[in-house]
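Chemist: pasted the sequence and its predicted model underneath.
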Amino acid sequence: PHYWEFGDGYLYTAKVSLGQGQRSRSTKDVTFGFREVWREGRKIFMNGHEQKFRVTYNFGCNRFGAKMLTNIGYNTIQFAHRTELDPMLDEKDLLYYSQNGIGAIEPMCAFDWNTKNPLLKPGEKREAFKALQAKNLKRYRNWPCIVMMYMGVNTYLPQWSYEAQYLGCGDQSEFAKMMEALVAAAKRTNPNVIYYSHSDGSTGELASANLYFNWVPMQEREDWPSRWTNEGKFPFQAAEFGHPYELSWFRGGRDLVTELCAIYYGDKAYETEPYRIARNHKAGIWLGRVQHPMSRELQKDFAWRVTRAWRTFGINGGIVWFNLDTGFGMPGWPMERVWDGYPGPAYNFFKSDADVPKGRPEWALPYWDIYARGNQDFLGWIAGFPRITDRRHAYYSGEKVVKRNVMLWDRFDTRAFSSGVELKHPHPRCILLW
């Protein structure tokens, strides 16, 4: 068969008849795709090849908005934070995602902080939950776009498992044992989905964490999954991944955007400080700092350096940047107006395929480019050696310089790539390396 893949939404239609003997009572066309996904240790495979999920939050999108988000480079949309026991997914959306090769992370039959408690022990409540999840899985299992499903949202939150040395290492808690039982039951109904619980550690089939590093140094951010890449037992997803969280920019009610940017950019942060920030340090909590060009530069460096390092380390469940204050822009809101009354991103205004921009829309903010850079099918960069995050830039005369040429290809097909690097001398001459 022709397999369903990200970016290649190949579907089949089966004509299904229900009847008795030669007599047909009911006939229905059923749409489906051939797609298999499974976990082996810390790796995820789809249709026989290793698969990496490049995931974005949905920003309130409708199905056409989801297609716009894939134009940035993402292959999967996370429809997070729904904790209904019967989520009632829109099958028109699922058909559209399946036709367009868009992955979807959907709720199955999800518990929250309180409703999980009766499920922790085997018994009548857990069996009833299994029956309800089986009902929902049967309803939606023909849609190949559903590649992951979450069973809970922020219900266990084991902070220790977010630490670099324990990332994706496993868990023996009561919650983990409950998840193991629920996943085993779900697999009997639909084995072709990765099941997990949002930010609830190494439970289910996927380690998931909310990581808001705030002002953890950039180098430490880059290196966070370096131990996981050798010792991790579960695939990993940064379910909510922050730049410095909005409120972390404030001290004593003052927005210290300039002072904090100066950590990385020195005097340039003060030289480029807009007059409005210099005059009034009490800018809006959510959007006042975006007018400072160095805050965007910081966001660009955080997103590019962390995304390229983490993808190279092999992070496969998604790096879900929670840039919920600005998103990627909105029609009618140029950069110079965003700090004053911006409504926030909500990509539910597209009415049809014809409304979806072909590529980068005119109204996109710089954040579109910031996230697009590290989220394409192909990723190439010059990394350090022996550690990819080695950032030495100073060498003595005659010292051997060793770097690593990284090229990653996330699609199911194969391509040939070549690269070249030039060393430029301050004087008008250049030395070709290769």
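Modeler: Noted; the coordinates are in hand. Numbering: from 1, shown residues only.
Chemist: spell out the residue ranges of the helices in this structure.
Modeler: 63-72, 91-99, 124-140, 174-189, 218-223, 228-231, 257-265, 267-271, 275-279, 293-313, 366-372 (DSSP state H).
Chemist: just send the ones you listed back as a markdown table, with mean neighbour count too.
Modeler: To be clear about C-beta, it is placed using only N, CA and C from the backbone, and glycine gets the same treatment. Formatted as a markdown table, the helices of the chain follow (neighbours: other CB atoms under 10 Å):
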| stretch | mean neighbour count |
| --- | --- |
| helix 63-72 | 21 |
| helix 91-99 | 19 |
| helix 124-140 | 16 |
| helix 174-189 | 17 |
| helix 218-223 | 17 |
| helix 228-231 | 16 |
| helix 257-265 | 18 |
| helix 267-271 | 14 |
| helix 275-279 | 12 |
| helix 293-313 | 20 |
| helix 366-372 | 20 |
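Chemist: mean pLDDT lowest where, among those?
Modeler: Among these, helix 275-279 has the lowest mean pLDDT, at a mean of 74.
Chemist: for the nearest residue to residue 75 once chain neighbours are set aside, give its distance to residue 314.
Modeler: Residue nearest to residue 75 in three dimensions, not counting chain neighbours: residue 6, with 4.1 Å by CB to CB, 6 or more residues apart in numbering. Applying CB to CB, to the nearest Å, the value for residue 6 to residue 314 is 17 Å.
Chemist: hmm, back to that, just put the helices of the chain in a markdown table and tack on distance to residue 239.
Modeler: Formatted as a markdown table, the helices of the chain follow (distance: least, CB to CB, whole Å):
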| stretch | distance to residue 239 |
| --- | --- |
| helix 63-72 | 17 |
| helix 91-99 | 20 |
| helix 124-140 | 20 |
| helix 174-189 | 15 |
| helix 218-223 | 16 |
| helix 228-231 | 15 |
| helix 257-265 | 25 |
| helix 267-271 | 31 |
| helix 275-279 | 32 |
| helix 293-313 | 14 |
| helix 366-372 | 17 |
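Chemist: residue 338: which of the ones you listed is closest?
Modeler: helix 366-372 (9.7 Å; CB to CB).
Chemist: ok, and what's touching that closest one?
Modeler: If you take CB atoms under 8 Å, 6 or more residues apart in numbering as the criterion, helix 366-372 is touched by 56, 72-73, 296, 299-300, 303-304, 321, 323, 326-329, 335, 360-361.
Chemist: please report how far the closest residue in space to residue 96 that isn't next to it in sequence lies from residue 108.
Modeler: Among residues not flanking residue 96 along the chain, residue 63 sits closest, at 4.2 Å (CB to CB, 6+ apart). Distance, residue 63 to residue 108, using CB to CB: 20 Å.
Chemist: kindly report the same for residue 219.
Modeler: 38 Å.
Chemist: neighbour count: residue 6 and residue 314, which is higher?
Modeler: residue 6 (25 against 18; other CB atoms under 10 Å).
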